[in-house]
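Dropping the sequence and predicted coords here.
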Number of protein chains: 2
Amino acid sequence: MARTAALIGAGVIGAGWAARFLLSGWDVRVFDIDPGVEGRLGAVLENARRALPGLSDRPMPPEGALSFHATLSDAVAGADWIQESLPERLALKRKTYQKIQAHCREGAVIASSSAAFTPSALQGCATRSGQILLARPFDPVYLLPLVELAASPANPPGLVARAQGVLQGLGMFPLHVRGESGGGIAGRLQQALWREALGLVREGIATPEQIDEAIRMGPGLCWAEMGPFETCRIAAGAAGMRDFISQIGGSGEAPELTDEVLETLAGPPDAPPGRALEQARDTGLVAMLRPLKWADRGAGAHLNRVDAARPGPEIDITRPIVTSEHAVPLDWTDYNGHMTESRYLQAFADATDRFMEIIGVDAAYLASGGSFFTVETHIRHLMEVHAGAALRVETLCLGAEGKTMHLFHRMYSGGTLLATGEHMLLHVSLKTRRAAPPAPHVAENLAAIAAAHAALPRPRGVGRAVGQGR
Amino acid sequence: MARTAALIGAGVIGAGWAARFLLSGWDVRVFDIDPGVEGRLGAVLENARRALPGLSDRPMPPEGALSFHATLSDAVAGADWIQESLPERLALKRKTYQKIQAHCREGAVIASSSAAFTPSALQGCATRSGQILLARPFDPVYLLPLVELAASPANPPGLVARAQGVLQGLGMFPLHVRGESGGGIAGRLQQALWREALGLVREGIATPEQIDEAIRMGPGLCWAEMGPFETCRIAAGAAGMRDFISQIGGSGEAPELTDEVLETLAGPPDAPPGRALEQARDTGLVAMLRPLKWADRGAGAHLNRVDAARPGPEIDITRPIVTSEHAVPLDWTDYNGHMTESRYLQAFADATDRFMEIIGVDAAYLASGGSFFTVETHIRHLMEVHAGAALRVETLCLGAEGKTMHLFHRMYSGGTLLATGEHMLLHVSLKTRRAAPPAPHVAENLAAIAAAHAALPRPRGVGRAVGQGR
């Protein structure tokens, strides 16, 4: 059942291909003259195992078998797909195809990862030109879906469709580039951006760092979600895309736009994009921005700095402590705009983190090897809440004995109780991952709050089991 | 305490500014000759309320007051910040600054949103040139952090820093562009991408749709996370960025790169980026890709199509039903690589959704106005699990009576029990948001599973309350 791919050249791109094929259940045979290839490929494979399978909500097939081969002829024997990812030297590639074709199956696909050459150029001196086509991926190959496919008139009809089928099976997005444009579509756009970026550096207008910031804090986010045209179509608003394009043209070298091209670009004159598209765009942007905060990358790192500069709620341990206060994030809601079930626990877990910080379980304490782990949780969902609504969590410490900590969170929007969360936590050593007593200062801080809160009334819902009579 | 911004021109950009100022607690005074301005601005403001406050983990200040003014002189009176977002006509902008300066405070900042003109050009005929600078935002202004600031020699020292302070207070990322480059940094990069995209369309190589796909399925994702240089630095791998840049140059017009420029770009020759950077990049990419699945946008829509083509687990109602099977996503884990507390509930909620689908609560049923809402949850966290590990949820129906449904999920990795989730759900009308009986076919399907599962042993942990003796 497993199919076999031969990878000729296993640098960054070739190793990325290897990971994608293996994790999609293919057997992979590698030929690379670099003596360090096994180590390098192993590292890429480990990266891929961490990131790729979890992209899917379905189980991945069992991993294929990986083997390294001392000769090219051995590597390509019996392979269904042969991917060449050698340095961009045409003579080297052509010579390699001749060797490959002397030993591979006639029905195998030979695909080149080249970013530099057209299919015709690659096929130049081949024994069977029709077997060779272009399939250019983008780094990291095991995560980015795009692969640009290009064929020449020498390729038999049906080969592109067959290649598309294989690449779709790897979870990729094969884009068939018609004609033989050198550099494909994404490649030419990358080049254009690069040329301008290098120009800005050469002219002394911007540093590489500033260029990166300008992209990842701004237009790059829209491009990632929508690409340049859809970005423009929505940004153009009621004024229409024609106006927008001519305005864009206004501040640089104006592109020559015939009416015909404008029609292709803009669609019907001045059709407004409408609220639905704007809101879909915003949903996508928030969906990227908030997880970038979690990853502390790009614009997310900026948003974390913004938060750090804003004051949090004041702490008063004589009352239930306000451990969280913010608006319901858009990416916490469902298609109806209501907060999603699991985000209630996320809000409570954030509140628990803040409570831990208050008793001294901060970054330094975590680094010293101690923390509290939640072992048990009970949630009552009482009322719904929408994106943008104010959210506030108040935390009561129900008890603290030895290694345990017993918390009760109440979530409000204004005066309305939305949900409660009861949680039992256990102090652990992060080294052994087993229960261990907290450091004395943490135990003292916790005891002080537990004592203060013992005087407060026990809220309704404490100690409930699921389905217990009301 | 609230400060006042005057917005001159409230099209897409001006209305975006209005939303950002208002939601940051500023009073906003609008002047726009369009009679439809109140409606348009209201719509943008509604979009912003849905999306912006939730980007922050801290509470936003109370919204400022919004007012519309019939005259420019009235709008700018007493304003601390005056933002001009008029069409890109220099004469119009210059005339407007003269009017503004006749009525505004001398200490107010007058900022232009222009994408087309330099600060010197804008200041041309002003009464007080030093008061005017460039602050160019990007659409949607209320979500994208980037704002490019540029000043001329006519501006007093300290003005840029003051403007940066104001813009940071709005949660923005003010990037000071030195010199007076027409179009700034991001603008020039946008133009360059646009020129190439229009060229590809004009040459008949790609459709606008293909160009959008090529960007959002590939390089656009890296640009959004990292910008072009960091993308390149990591992709270059051990071969080093010098090599990479010269290879990139190989397939288009090669940029002229002196050794000095190369040094600026690439840093020390051939310093490898290392695994840590690669993994940070992957974390950021997964952090964007999975929420794009949730939003069903861009590459996320593609990944949803990939999942739909993969078979799910088979259904056998005589045993606990396998309701979920996939690998632990990277964005479900913490800095240690362990699955995060709230993602346990997400896995259980996903399993509940699948169970509902099985009993007939599918998209069509939801559209008809019925669903089950979770009212109560109990989770036991038993073991930890890492990114990429296999995850499987088996669901037992503990009971179903009238409007209620009682489920018990067990989460495994291989043979190891990681957690259990007990959930009480109530069938509701999505119109009234109140309890209502399920449709007959749903009730029958559910009863059949409940009857089959009644014969199975009750697992340990059913009916537990938090902290109950073990």
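Right, received. Where do you want to start?

CA atoms only: put stretch A:196-203 into CSV for me.
Once side chains and other backbone atoms are set aside, the C-alpha atoms of stretch A:196-203 remain, and they are given as CSV (Å, rounded to 0.1, in the frame of the first residue of the first chain):
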residue,chain,number,x,y,z
GLU,A,196,12.5,46.4,-3.5
ALA,A,197,13.6,45.4,0.0
LEU,A,198,17.3,45.3,-1.1
GLY,A,199,16.7,48.6,-2.8
LEU,A,200,15.4,50.2,0.4
VAL,A,201,18.5,48.9,2.3
ARG,A,202,20.9,50.0,-0.5
GLU,A,203,19.4,53.5,-0.6
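
Tell me which residues of it come out buried.
Within stretch A:196-203, the residues that qualify as buried are A:196, A:197, A:198, A:199, A:200, A:201, A:202, counting by 16 or more other C-beta atoms under 10 Å in any protein chain shown. The way it works is simple: take the backbone N, C-alpha and C, and place the C-beta from them, glycine included.

Tell me, how many residues neighbour the residue nearest to residue A:334 when sequence neighbours are not counted?
Spatial nearest neighbour of residue A:334, excluding adjacent residues (C-beta to C-beta, 6 or more residues apart in numbering or on different chains): residue A:340 at 5.3 Å. For residue A:340, the neighbour count with other C-beta atoms under 10 Å in any protein chain shown is 15.

just to revisit the earlier point, just the buried residues of stretch A:196-203 that are near chain B?
The residues of the buried residues of stretch A:196-203 that also fall near chain B, by C-beta under 8 Å from any C-beta of the partner chain, are A:196, A:197, A:198, A:199, A:200, A:201, A:202.

The fifth one contacts residue B:184, correct?
No - under the criterion of C-beta atoms under 8 Å, residue A:200 makes no contact with residue B:184, lying 9.7 Å away.

Could you list which of the ones next to chain B among the buried residues of stretch A:196-203 belong to helices?
Assigned to helices by DSSP state H, the following of these qualify: A:196, A:197, A:198, A:199, A:200, A:201, A:202.

longest strand of chain A?
The single longest strand within chain A, with elements called by DSSP state E, is strand A:416-429.

Run the chain-centre distance for that strand.
The gap between where strand A:416-429 is centred and where its chain is centred comes out at 29 Å by C-alpha atoms, centre = their mean, to the nearest Å.

quick one: strands adjacent to it?
The strands beside strand A:416-429 in its sheet (DSSP bridges) come out as strand A:370-381 (antiparallel), strand A:404-413 (antiparallel), strand A:434-435 (antiparallel).

From residue B:377, how far out is the residue nearest to residue A:334?
Taking C-beta to C-beta, to the nearest Å as the measure, residue A:340 falls 13 Å from residue B:377.

How about residue A:156?
The spacing between residue A:156 and residue B:377, counted by C-beta to C-beta, is 58 Å.

swap in residue A:26?
Per C-beta to C-beta, residue A:26 is found 41 Å from residue B:377.

Compare neighbour counts for the two and give me the winner.
Summary of the neighbour comparison: residue A:26 and residue B:377, criterion other C-beta under 10 Å, with residue B:377 having more neighbours (28 against 25).

low-scoring pLDDT stretches of the stretch 251-400 of chain A, where are they?
Residue ranges of the stretch 251-400 of chain A with pLDDT under 70: A:251-273.

Show the residue spans covered by the strands in it.
If you assign secondary structure with DSSP state E, counting those that start in this stretch, the strands in the stretch 251-400 of chain A sit at A:321-327, A:370-381, A:390-401.

partners of the last one, with directions?
Right, strand A:390-401. Going by DSSP bridges, the partners of strand A:390-401 are strand A:321-327 (antiparallel), strand A:404-413 (antiparallel).

buried sites along that strand?
Neighbour-count burial for strand A:390-401, with 16+ other C-beta under 10 Å as criterion, is recorded at A:391, A:392, A:393, A:394, A:395, A:396, A:397, A:398, A:400.

Export only the CA atoms of that strand, formatted as PDB.
The C-alpha trace of strand A:390-401 is given here as PDB (Å, rounded to 0.1, in the frame of the first residue of the first chain):
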ATOM      1  CA  ALA A 390     -16.400  42.700  28.900                       C
ATOM      2  CA  LEU A 391     -15.300  39.700  30.800                       C
ATOM      3  CA  ARG A 392     -14.200  39.600  34.500                       C
ATOM      4  CA  VAL A 393     -13.100  36.600  36.600                       C
ATOM      5  CA  GLU A 394     -13.100  36.800  40.400                       C
ATOM      6  CA  THR A 395     -11.300  34.100  42.300                       C
ATOM      7  CA  LEU A 396     -12.000  32.600  45.700                       C
ATOM      8  CA  CYS A 397      -9.500  30.400  47.400                       C
ATOM      9  CA  LEU A 398     -11.600  27.600  49.000                       C
ATOM     10  CA  GLY A 399      -8.700  25.900  50.700                       C
ATOM     11  CA  ALA A 400      -4.900  25.100  50.600                       C
ATOM     12  CA  GLU A 401      -3.500  22.100  52.400                       C
END
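
Need phi/psi at the residue of chain A positioned farthest from its centre.
Here chain A has its C-alpha centre computed as a mean, and the residue farthest from that point, by C-alpha atoms, centre = their mean, is residue A:455 with 47.1 Å. Residue A:455 has phi and psi values of phi -80, psi -10 when expressed as degrees, to the nearest 10.

What of residue A:84?
phi -100, psi 120.

list the contacts for it?
A:8, A:9, A:93, A:96, A:97, A:100, A:110, A:111, A:112, A:113, A:114 (C-beta atoms under 8 Å, 6 or more residues apart in numbering or on different chains).

And the buried residues of stretch A:196-203, which is closest to chain B?
Nearest to chain B among these, counting by C-beta to the nearest C-beta, is residue A:196 at 3.5 Å.

In a strand, residue A:167, correct?
No - the assignment for residue A:167 is helix, going by DSSP: H, G, I helix; E, B strand; the rest coil, so no strand is present there.

Quick check, it in contact with residue A:175.
No - with contacts counted by C-beta under 8 Å, residue A:167 stays clear of residue A:175, the gap being 9.8 Å.

who touches both of the two?
Here residue A:167 and residue A:175 have A:147, A:149 as joint contacts, going by C-beta under 8 Å, 6+ apart.

Between those two, which is the more surrounded one?
Looking at residue A:167 and residue A:175 with other C-beta under 10 Å, you find the greater number of neighbours at residue A:175, namely 24 against 21.

which SS class is that one?
For residue A:175, the secondary-structure state derived from three-state DSSP is strand.

Name the nearest residue to it, ignoring sequence neighbours.
Take residue A:175 and drop its neighbours on the chain: the residue closest to it by C-beta to C-beta, 6+ apart is residue A:148, 5.3 Å away.

mind listing what that neighbour touches?
If a contact means C-beta under 8 Å, 6+ apart, then residue A:148 has A:134, A:135, A:136, A:174, A:175, A:177, A:184, A:185, A:186, A:187, B:214 as its contacts.

Just the residues contacting stretch A:15-22, thanks.
Contacts for stretch A:15-22 (C-beta under 8 Å, 6+ apart): A:5, A:7, A:10, A:28, A:30, A:40-41, A:44-45, A:47-49, A:52, A:63-64, A:66, A:81, A:83, A:85, A:113, A:137, A:139-142, A:170-172.

try stretch A:71-81
Contacts for stretch A:71-81 (C-beta under 8 Å, 6+ apart): A:3-8, A:21, A:26, A:29-31, A:69, A:82, A:96, A:99-100, A:102-105, A:107-109, A:111, A:166.

roughly how far out does stretch A:457-470 sit from the chain middle?
Going by C-alpha atoms, centre = their mean, the spacing between the C-alpha centre of stretch A:457-470 and its chain's C-alpha centre is 40 Å.
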